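Kindly generate the corresponding structure for this input.
(chains A and B)
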Number of protein chains: 2
Amino acid sequence: MALAKSQTAAVARVMQGVVAMRRQVEKELSATSGRAPTLEALGITNVTEVRERDPSAVMRAIEELFADAADSILRGQGLHFEVPNRTATNQLYVPELDRIVLKSKTSTRSFDSTAQVRKTAIMTRVMEMLHQVLRRNIHTTKRDLFYADVKLFRSQDESDAVLDDVACVIGCTRTSLHVVASEKGVVVGRVQFREDGDLIDCTRMGVGGKAIPPFIDKISDFRSDAEFILLVEKDAAFMRLAEDRFYNKYPCIIITAKGQPDVATRLFLRKCRDDLKLPVLGLVDADPYGLKILSVYMSGSKTMSYDSASLTTSDIKWLGVRPSDLDKYNIPEQCRLPMKASDIKYGKALLEEDFVRRNPKWYAELEAMLSSKVKAEIQALSSYGFQYLTETYLPRKLKERDWI
Amino acid sequence: MALAKSQTAAVARVMQGVVAMRRQVEKELSATSGRAPTLEALGITNVTEVRERDPSAVMRAIEELFADAADSILRGQGLHFEVPNRTATNQLYVPELDRIVLKSKTSTRSFDSTAQVRKTAIMTRVMEMLHQVLRRNIHTTKRDLFYADVKLFRSQDESDAVLDDVACVIGCTRTSLHVVASEKGVVVGRVQFREDGDLIDCTRMGVGGKAIPPFIDKISDFRSDAEFILLVEKDAAFMRLAEDRFYNKYPCIIITAKGQPDVATRLFLRKCRDDLKLPVLGLVDADPYGLKILSVYMSGSKTMSYDSASLTTSDIKWLGVRPSDLDKYNIPEQCRLPMKASDIKYGKALLEEDFVRRNPKWYAELEAMLSSKVKAEIQALSSYGFQYLTETYLPRKLKERDWI
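Next up, the predicted model:
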């Protein structure tokens, strides 16, 4: 889109702060990448590092486990596996790596034990199937895996749980096992990448955008002239931004998971941010759940904590809609909603969480929300017109560097 | 993808039946299009036809309504609107048009009446906002519309209900009002189209596919060398088909709404089928809900019945997974699930519905399911290997022309 000269200057003024932040982020990320300290250098021993591994490494790991098992059987010691304990007490967060590692506590899962015989059999079978999937270089879902041997697994909970065990035994992410979750996210804006060989240009994805694929390992060669990533909670706001082609004027990449973030969108955001070294600005509802959504992108959910390294994007800025925006942008009284008792309870619990406590400005905003007992959705901005979000609110936010 | 000569011949054999059906569908659709009978020719008078109208026509209709209202006020007769009754008794299905029309029963909504003053005010305001949206040629959501005047609307139910009234007054679809639902569907395969000017090539959409946009009026210029559309209930099956690039070998377009069909996906399927004149084959779970999903694509949901013409695709073939497939493909006992009491109740209710009754083969399949009390998911096919769906099941189905 060609802009008039005066418009270009105006956009440049709006973008000044974002550009400065982008350069800062680029510097920081470049400084850490390539020379991340190793566990040895940090003096941490006796731990299992959970990270992305390529299919051949995972296959080799499974083969080694099976060779060891066969060996043990031949030695008359039966079939058993050492499974790392996945509870919180056996996890160690290494800030230098920004990664969770598993400490050395393991338990033996043995085919000899009446209590463990089923679980040992399930684990053997799951590894066999994973090897098959990896050898064909295809991907599968938890549901498919379950159906491949319903008789043995009986319920999907059983095959799901073993899947996480296998990831910990091998020390890889669940994505490395080629077991993927369903996709939900969409991306549009100033980014190009290769997906399974196809060149995807997200500036030419119409108004609907590109579906974020469940297979992050099929994505490569990110290219972009964007200055930031705009992470949007809701589909309706994404739609507005996409239809107005907001990214043409303000160079950015727009991503949404349409509510609760799914694994594929979180992986995509992380990879996109890392490869392009861009700041991430979050646009969510001004309520405790909006904040919670940002936290899932940043710190992950508890059940997948062992797999956090590839899933989390630590430094997301809270752009809006923030409780303080309601007065600042004169959001009409009738668009502000009273918080329910459950909202307040949830908000109070968030006040205790790390991701809020370590950022005093976030803490202050959340406190203000809780004392006013008022919340608002992104859509509340529509009270000033349907394009107020793209034409006034966001440009002003960017110009005033109003993120925290 | 280049196939070896022998492979090409094998694929051609598999495709014979589909190609024949495609030609048949093309002939039928060509025969009806362009010379669809008019209401006058059918001798139907005194009805309102609900159909797609372009923004300028809708704006003109709103302007005329407002001019009439002003006129009425000046004549001392106050502000009032005539609103067609939307209940079933006022609807008429015209099989020749495959479309529902509204009969002449209307009720007066008057600003003078204490009972109707609010609804009349809401209706006036909603039309004013719709005019704004249409003039800018943008789209909005029900939620945005509600937030644009929370004080007047109080709850979203009120603005939503009036929206359907306005569509009926004007005789247009809700999409013509530029009020859209959120997107959920994905498409991949042998189809190209223009979306808001961008050329979208779904053969080069990686493994994630293209998100189906909520604005069907921004899609045009469908082009395809596919022989059929494969409509898939579940995300997991879509993922398998996309990763294996099933459409490279068997030329087709693959569409899913990831469960319950949303409005955008239904509009897209209909437009895609009409413009390309392709047969549609449905791949759903072998349970009553799978069948229900096909019926929503075919006959629509009851609340939007006035808007059914652009939303429904009448002649979908049930490819699988059908109850009779379980034995035919030797689906292991353990992958067959017992139907719950609620499944059986729901299935019995479906036996009474038109879309099942008018197709004796569907009726027989559903009856067989209910008497065996057994259901199965598409994933049950994974018991023969993760690629059994794409490499064996579907090719055999196509080759044997095994759709009903």
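
Around chain B, which positions in the stretch 51-200 of chain A sit nearby?
Taking C-beta under 8 Å from any C-beta of the partner chain as the contact definition, the stretch 51-200 of chain A meets chain B at A:132-133, A:136, A:138-141, A:143-151, A:180, A:182-183, A:186, A:194-200. (C-beta placed from N, C-alpha, C; glycine too.)

Give me the buried entries from these.
Buried members of those, counted by 16 or more other C-beta atoms under 10 Å in any protein chain shown: A:133, A:138-141, A:143-150, A:180, A:182-183, A:186, A:195-196, A:200.

So which of these are in strands?
A:Thr140, A:Thr141, A:Val180, A:Val186, A:Glu195, A:Ile200 (DSSP state E).

so which of these comes closest to B:Pro338?
In terms of C-beta to C-beta, no member of these lies closer to B:Pro338 than A:Thr141, at 23.0 Å.

Show me the helices in the stretch 301-404 of chain A, by range?
A:323-328, A:341-351, A:354-357, A:360-372, A:388, A:394-399 (DSSP state H, counting those that start in this stretch).

right, I mislabeled it, should have said the stretch 51-200 of chain A
Along the stretch 51-200 of chain A, counting by DSSP H, counting those that start in this stretch, helices occupy A:55-74, A:117-135, A:142-147, A:150-153, A:156-170.

wait, which of the ones you listed is closest to A:Leu241?
So among the helices of the stretch 51-200 of chain A, helix A:142-147 is nearest, using C-beta to C-beta, at 32.5 Å.

For chain A, name the helix or strand with the lowest mean pLDDT.
strand A:99-102 (a mean of 70; mean pLDDT, DSSP states H and E).

Residue ranges in chain A under the pLDDT threshold?
Counting by pLDDT under 70, chain A has low-confidence residues at A:1-3, A:32-37, A:97-100, A:301-309.

ok now the lengthiest helix in it, how far from the chain's centre?
Longest helix in chain A by number of residues (criterion: DSSP state H): helix A:5-32. Helix A:5-32 sits 24 Å away from the centroid of its parent chain (C-alpha atoms, centre = their mean, to the nearest Å).

Then stretch A:232-251?
20 Å.

Figure out the length between the terminal residues of that stretch.
With C-alpha to C-alpha, to the nearest Å applied, stretch A:232-251 spans 15 Å between its terminal residues.

Quick check, central residue of chain A?
A centroid search over chain A (C-alpha atoms, centre = their mean) returns A:Arg266, at 2.3 Å, as the residue closest to the centre.

what sits against it?
Neighbouring residues of A:Arg266 by C-beta atoms under 8 Å, 6 or more residues apart in numbering or on different chains: A:Ala257, A:Val296, A:Tyr297, A:Gly300, A:Leu311, A:Thr312, A:Thr313.

Of those, just say which sits nearest to A:Asn90.
Nearest to A:Asn90 among these: A:Gly300, at 16.9 Å, using C-beta to C-beta.

Next one: the closest one from A:Phe153, what distance?
27 Å (C-beta to C-beta, to the nearest Å).

now A:Met129
Here the criterion is C-beta to C-beta. By it, A:Met129 lies 11 Å from A:Phe153.

re earlier: adding mean neighbour count, write the helices of the stretch 301-404 of chain A out as a markdown table.
Shown next, in a markdown table, are the helices of the stretch 301-404 of chain A (neighbours: other C-beta atoms under 10 Å in any protein chain shown):
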| stretch | mean neighbour count |
| --- | --- |
| helix A:323-328 | 18 |
| helix A:341-351 | 15 |
| helix A:354-357 | 15 |
| helix A:360-372 | 16 |
| helix A:388 | 17 |
| helix A:394-399 | 20 |
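
what's the closest of these to B:Gly171?
helix A:388 (31.4 Å).

What are the contacting residues of the closest one?
The contact list for helix A:388 (C-beta under 8 Å, 6+ apart) reads A:Leu381, A:Ser382.

can you check stretch A:113-121 too?
Looking at what lies outside stretch A:113-121 - C-beta under 8 Å, 6+ apart - the contacts are A:Leu79, A:His80, A:Phe81, A:Arg109, A:Ser110, A:Phe111, A:Leu152, A:Glu158, A:Val162.

near chain B, which residues of the stretch 201-350 of chain A show up?
Near chain B, when you scan the stretch 201-350 of chain A using C-beta under 8 Å from any C-beta, you find A:204-215, A:218-219, A:235-236, A:239-240, A:243-244, A:258, A:332, A:334-335.

I'd like to know which of those are part of helices.
Taking DSSP H, the ones among these that sit in helices are A:Asp235, A:Ala236, A:Met239, A:Arg240, A:Glu243.

Wait, the fourth one touches A:Leu389, no?
Which is A:Arg240. Yes: applying C-beta atoms under 8 Å, one finds A:Arg240 in contact with A:Leu389, separated by 5.6 Å.

and A:Gly189, bridged to which residues?
A:Ile253 (DSSP bridges).

Now do the contacts for it.
The contact partners of A:Gly189, taken as C-beta under 8 Å, 6+ apart, are A:Cys202, A:Thr203, A:Ala226, A:Leu230, A:Phe246, A:Tyr247, A:Cys252, A:Ile253, A:Ile254.

Can you pick out the most distant pair from the residues you listed?
Greatest spatial distance among the contacts of A:Gly189 (C-beta to C-beta): A:Thr203 and A:Leu230, at 14.4 Å.
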